[in-house]
Every structure is written in structure tokens, then in C-alpha cells.
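> curious how this folds, go ahead:
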Amino acid sequence: MGDEEEKTEAPTPKKIEDAKKEGNVPKSQDTSAVVALMAAAAALWFMLPYITEQLGAIMRNYFSFIGQELTHETLHEFLIVSLLQLVPIVLVIAIPVIIAGLLGGWMQFGFVYTTKPLVPDLKKIDPIRGLKQLISLKKVIEGAKITLKVAAVFGVALLIAWRVLKELPTVTLFRLPEQLRWLVENLLIIILWMIALLFVMAVIDLIFVRYNYLKQLRMSKQEIKDEYKNMDGDPQIKAKIRQKQMEMARGRMLADVASADVVVTNPTHYAVALRYIEGKDNAPRVVAKGADHLAFKIREVAMENLVQIVENPPLARELYRVCDIGQTIPDHLFQAVAEVLAYVYKLNKK
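A predicted model of the protein is given here:
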């Protein structure tokens, strides 16, 4: 219970994405239903002339069998003709409804393809767990929602049926095409009322489903920390990797000191190693630099490899401040560095 109380943080994008991969998505059945019903109404509206014509043909076909002897061949012909005339009517409505159902799901949570829900799970057939779910607050709320929906739909259906029943005696006097038109028009009215009712229900249900979904995926602060640790790596391991990388870079830098022409020092706080290869470099290049302990190491490597060390505190500080390793010196230091190199070359008799 304490763990549940600690889960006060909103789920991270990764937690939501992981739940989606497992097939756990915030699906509102009412939203899918209202989208499918709207598609059915639109299909019925645009295909109304065709549907009316097909229904008329079906009725004429039925009337043509009046007075005929009911044989096996007659019954077979009756069923085949009826089927061929009914299938197109069903398809012109069913196909848009199927597409709309898929679209309704896609609008809610995008495209999801996973086989995880199909994997056998023994917990699903655990009777104790099933009993707990049966009497859970979630099931009570679901039951209340279904009851309200049925009551609302039943109430609206009664109102529409009452109006239709009052018109029925008059409609029986109409000709067949007019009766069919009246039937289709009232069907559209029923569908429009259902759409309006289901739309309100869908908005409420969608808000409730998303709220409940995000509440279900809530995380504790420790879970968020663990997730970021897993995503970015353990900070301690990353620190060790950075330390190792720095040590390797420092080792390469100190190795380059052996090929330097001069090391300019502070004399103790800073040390910058310079190298100039005529015909290759446009200007002297910094091959190593360091402060304090690293400066001492640079001077030590320089002495081991007989690299000249020149004390020039202002130049050493400026080189350390403005130059990175591998970078050529800036223009404003050309004169000072040239004087140092000239001095070094003179000592080395270059």
C-alpha cells in the first residue's frame, strides 16, 4: 500500500511508450463507437438513392413470389436473389464503418502492433485475482457507466419510437417507394440522435479513460530516478568512463610533449608545449597544456626528452587561456611566440 501512495509522479514518455508496446493503451470504446456511427450515417446519407433503389428491388422480388408454389428450386432462387441484393447494401455501410473503427483507434493512441496480449498468462486465470477484479472499484464504475449509457439510449429510443408510432397509421397509406423513403429518413434521424448522445458520452468517457490510464501508470520518484539511470547509464560508471577517457587523453597529450619545440611556463602554475613544423603548420601549435600538477608533469616529460623550458609567465597564462590543445596560436601572440622560438632555436643551434 505504501508503494501505491508513493506513486505520485506523472508517467514519463518512456513509461507510456513501454506500456503501449505491451498493448496497454487508453482506448475509449465510446469514442470508437461514435466515429463508426458517424461513418455509417455519412455512408447512409450519400448512398441513400442507391440503398432506396436496392430495397425497392428487394421488395418487388418478394412480391413476385406471391402466389407461386414453394418448391426447393423456388426457395433457392429466392435466397440467392435476396443475398445478391442485400450484400451491396451491407457493404456500402460496413466498409466505411470498419475503416472508421480503425481510424477511431488510431486517433486515440496511434498505430499499435504487439503480440504481447496473446502470450498465455497464468495470472489471468487466477481465481483469487479474478475475484478481486470482479469486486474492484473499477468494475463498479464500469457497471455504473454501462447502466447510465443504457438508460440514456433507452430513453432517447422511447421518445423517437413514440413519434414514429404516431406516424405509422398514416405511413401505411403511402406507396411503397414513399414508405421506404420514410423508413430511411427515420433511420437517419435515429442515427443522428444516437450520434449526438454517444458524442457526449464519448467525450466524458475519453476524459475518464485517459485520466484513469495516466493514474494507473503513475510512478514513484525512485522509479523515475531508476529509469533515467537505466537510460543514461549509472552516473558512477559514467564518471569512471569520463575519468578513464581523460587519463587516456592526458597520456596522449604528454606523449606529444616529447616532440614539442618549447614548453612555456609560469613557472610553476602553468605549462604550455608548442611545436612548429615548417612547411606543414601555418603557425606554432599547442600540443599540450596544463595547470598545477599537470603542468609539473609536462615540465617533467620535457626535461626527460631535452625539450627547452622557457619561463614567461604572461605568455604562459595567455596561451593557457585562449588556446586549446591542437589549436594554432592566435595572431596577437605571434610576436611573443616568435621571440621565444627564436631564442630556443638559437640555443638548439637550428
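> would you double-check that His332 falls in a helix?
Yes - assigned with DSSP: H, G, I helix; E, B strand; the rest coil, His332 falls within a helix.
> and it, how many neighbours?
The number of residues packed near His332 is 9, by other C-beta atoms under 10 Å. (Each C-beta comes from the backbone N, C-alpha and C, glycine too.)
> going forward can the numbers begin at 52, since that is how I track them
In the new numbering, first residue 52, that becomes His383.
> which residues touch it?
Shown in contact with His383 (C-beta atoms under 8 Å, 6 or more residues apart in numbering): no residues.
> swap the cut-off to 10 Å and go again
369, 373 (C-beta atoms under 10 Å, 6 or more residues apart in numbering).
> and it, how close does it get to Leu370?
In this structure, His383 and Leu370 are 11 Å apart, going by C-beta to C-beta, to the nearest Å.
> what is the longest helix of this protein by residue count?
helix 227-267 (DSSP state H).
> any idea of the mean pLDDT in it?
Average pLDDT, helix 227-267: 79.
> which secondary structure elements does it sit against?
helix 64-72, helix 80-97, helix 99-115, helix 123-160, helix 188-222 (3 or more C-beta pairs under 10 Å, 6 or more residues apart in numbering; DSSP states H and E).
> list the buried residues for the shortest one?
Counting neighbours by 16 or more other C-beta atoms under 10 Å, one finds that the buried residues in helix 64-72 are 66-67, 70.
> distance check, Gln378 against Arg336.
If you go by C-beta to C-beta, the gap between Gln378 and Arg336 works out to 7 Å.
> of these two, give the one with the bigger neighbour count.
Shown here are Gln378 and Arg336; by other C-beta under 10 Å, Arg336 has more neighbours (21 against 13).
> for the nearest residue to that one once chain neighbours are set aside, what are its contacts?
Excluding its sequence neighbours, the residue lying closest to Arg336 (C-beta to C-beta, 6 or more residues apart in numbering) is Thr379, at 5.1 Å. Applying C-beta under 10 Å, 6+ apart to Thr379 gives the contacts 325, 327, 332-337, 385.
> pLDDT check: weakest of those residues?
Ranked by pLDDT, the contacts of Thr379 bottom out at Asp332 (80).
> now do the SS call for it.
Assigned with three-state DSSP, Asp332 falls in the coil class.
> now the phi/psi pair for the closest residue to it other than its chain neighbours, please.
Distance criterion C-beta to C-beta, 6+ apart; nearest residue to Asp332, sequence neighbours excluded, is Thr379 at 6.8 Å. Main-chain dihedrals, Thr379, degrees, to the nearest 10: phi -80, psi 160.
> how far away is Thr379 from Leu392?
13 Å.
> what do those two both touch?
325, 327, 335.
> right, and Ala247 touches Val207 too?
Yes - assessed by C-beta atoms under 10 Å, Ala247 is found in contact with Val207 at 8.8 Å.
> so for these two, which residue has more residues nearby?
Taking other C-beta under 10 Å, Ala247 and Val207 do not tie; Val207 has more neighbours (15 against 12).
> any weak-confidence spans in this structure?
Scanning the chain for pLDDT under 70 picks out 52-56, 74, 118-119, 121, 158-190, 280-289, 400-401.
> tell me who's in contact with Val352.
Neighbours of Val352 in contact, by C-beta under 10 Å, 6+ apart: 304-309, 311, 314, 322, 324, 339, 358.
> give me the buried entries from those.
Buried among the contacts of Val352 by 16+ other C-beta under 10 Å: 304-305, 307-308, 311, 314, 322, 324, 339, 358.
> for the stretch 252-401 of the chain, which segments are assigned as strands?
313-316, 321-326, 336-342, 359-362 (DSSP state E, counting those that start in this stretch).
> report all helices and strands that the longest one contacts.
Identification of packing neighbours for strand 336-342 by 3+ C-beta pairs under 10 Å, 6+ apart yields helix 286-308, strand 313-316, strand 321-326, helix 344-355, helix 364-373.
> among these, which is nearest Ile192?
Evaluated with C-beta to C-beta, the helices and strands packed on strand 336-342 place helix 286-308 nearest to Ile192, the distance being 42.4 Å.
> so what touches the closest one?
Here helix 286-308 has contacts from 279-280, 283-285, 314, 322, 324, 326, 336-341, 345, 348-353, 355-356, 358, 376-377, using C-beta under 10 Å, 6+ apart.
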